[in-house]
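Asks: Let me see the structure of the following:
(one chain, ligands or ions: 1)
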Amino acid sequence: MAGPYAECAPAAVGQKRQQFGSRFLSDPARVFHHNAWDNVEWSEEQAAAAERKVRENSTQRVCQDKQVDYEINAHKYWNDFYKIHENGFFKDRHWLFTEFPELAPGQSQDHLEDLPSDNKRSEVPECRTSEDGPGLKIEQHKCSSNSLEHETQTAPVEENVTQKLNHLEICADEFPGSSATYRILEVGCGVGNTVFPILQTNNDPGLFVYCCDFSSTAIELVQTNSAYDPCRCFAFVHDLCDEDQSYPVPTSSLDIIILIFVLSAVVPDKMQKAINRLSRLLKPGGMMLLRDYGRHDMAQLRFKKGQCLSENFYVRGDGTRVYFFTQDELDTLFTTAGLEKVQNLVDRRLQVNRGKQLTMYRVWIQCKYRKPLLSSAG
Ligand SMILES: C[S@@+](CC[C@H](N)C(=O)[O-])C[C@H]1O[C@@H](n2cnc3c(N)ncnc32)[C@H](O)[C@@H]1O
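Replies: Predicted coordinates:
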């Protein structure tokens, strides 16, 4: 089923995974011949009908008290979501590497095609201790890893060499993954459906992957996954909107930050500051990668009256929230944070349920923005 969070997999032609945008519907009579069609053109009537639907479902707004509750308790609603679904909801996404080859530079596509889709089938040896729980444990990062020992580059440091990480003071040259040569952070990682494929696919010995989510239930599921290896990965609870909470890495230390269907879960007036803070963590030349809901995606049109919080921002039945972006809005968020556009595309897909003869018009936006080599923005 195409659930509220369902998102797409790219067309696979033969055994090769292709980038989005390579199967076109030229003959409408053939619509049920495949599961999905790329770059579907919307007719004027269809676009106008979508506008009307959004106007209709936005007329009645959620009352202020409920809005405050959804904001203050946002992490609890997501905790409840993960308590129900555990790690069975979001699918692993090996398409990530065709869309975002930056996550596994130098890996051949043929190799990626062979990957299992079950994130528990990792061959990566475990070295964390059995008492590892959802909380941060600095000991976790003392595992010896030959793979990370060859690098001595020290990143510039935010504020006087030390940072607060929950109750722990960590030195700039002691932060988790400090000896890595390629650092990826996934924000809003959920139960690790992006992180585990990265760890399985990217066999660069200098790789270190950070992942965070404000749902402690989700992070616990990541940390207790058999593929979680604290020598290569650090999962931590973090609210990307919390201005008082710092990330456990220094400024200008990350190569890649990835946001998959997470920015849309954030209240719009907190998005810019969240992106600004993340941007500071990127190395010059580092990239922010995003895939998220686009304006008039099927999920937006399906909302009923009374679920709208503010323009294009809605609450689902389970209390989790979702925003539907335009390309321009995302461009403004990233460029205001001092990043330069590498890619900003809209992926309009027609998904087809051949059994039920249903058509579903999905709209996703995919962005890549780079921190300039000579950056004036912090
Ligand atoms: C739609 S899910 C996507 C999860 C994951 N990125 C994936 O693609 O499987 C959105 C995720 O963002 C997390 N999230 C929402 N708001 C957040 C915030 N302010 N800080 C950190 N994580 C947040 C939720 O807990 C949830 O795991």
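Asks: ranges for the helices of the stretch 201-350 of the chain?
Replies: For the stretch 201-350 of the chain, the helices defined by DSSP state H, counting those that start in this stretch cover 216-223, 268-281, 298-301, 327-336.
Asks: mind putting those helices in TSV, mean pLDDT and distance to F97 included?
Replies: The way it works is simple: take the backbone N, C-alpha and C, and place the C-beta from them, glycine included. Output for the helices of the stretch 201-350 of the chain, formatted as TSV (pLDDT from 0 to 100; distance: least, CB to CB, whole Å):
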stretch	mean pLDDT	distance to F97
helix 216-223	97	20
helix 268-281	98	22
helix 298-301	96	25
helix 327-336	98	22
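Asks: out of the ones you listed, which comes closest to the ligand?
Replies: Taking CB to the nearest ligand atom, helix 216-223 is the member of those nearest to the ligand, at 5.0 Å.
Asks: contact partners of the closest one?
Replies: With CB atoms under 8 Å, 6 or more residues apart in numbering as the test, helix 216-223 has contacts from 75, 78-79, 82-83, 86-87, 132-134, 189-192, 195, 211-213, 228, 235-237.
Asks: now do 6 Å
Replies: N79, Y82, K83, N87, P134, G190, V191, G192, D213, A235, V237 (CB atoms under 6 Å, 6 or more residues apart in numbering).
Asks: re the thing from before, need the helices of the stretch 201-350 of the chain in CSV (columns: mean neighbour count and distance to the ligand).
Replies: Output for the helices of the stretch 201-350 of the chain, formatted as CSV (neighbours: other CB atoms under 10 Å; distance: least, CB to the nearest ligand atom, whole Å):
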stretch, mean neighbour count, distance to the ligand
helix 216-223, 23, 5
helix 268-281, 18, 7
helix 298-301, 20, 11
helix 327-336, 17, 15
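Asks: can you list the ones you listed in TSV and add distance to G177?
Replies: Listed next are these as TSV, based on distance: least, CB to CB, whole Å:
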stretch	distance to G177
helix 216-223	15
helix 268-281	12
helix 298-301	35
helix 327-336	25
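Asks: Y70 is nearest to which of these?
Replies: Y70 lies closest to helix 268-281 among those, at 13.0 Å (CB to CB).
Asks: Please name every helix or strand in contact with the closest one.
Replies: For helix 268-281, the packing partners by 3 or more CB pairs under 6 Å, 6 or more residues apart in numbering; DSSP states H and E come out as helix 327-336.
Asks: coming back round to it: from the contacts of helix 216-223, which land in helices?
Replies: Residues from these lying in helices, with DSSP state H as the criterion: N79, Y82, K83.
Asks: so which of those is the most crowded?
Replies: The most crowded member of those, judged by other CB atoms under 10 Å, is Y82 (20 neighbours).
Asks: re earlier: near the ligand, from the contacts of helix 216-223?
Replies: Residues of the contacts of helix 216-223 in contact with the ligand (CB under 6 Å from any ligand atom): G190, D213.
Asks: re earlier: which among the ones in helices among the contacts of helix 216-223 gets closest to R354?
Replies: When the ones in helices among the contacts of helix 216-223 are compared against R354 (criterion: CB to CB), the nearest one is Y82, at 31.2 Å.
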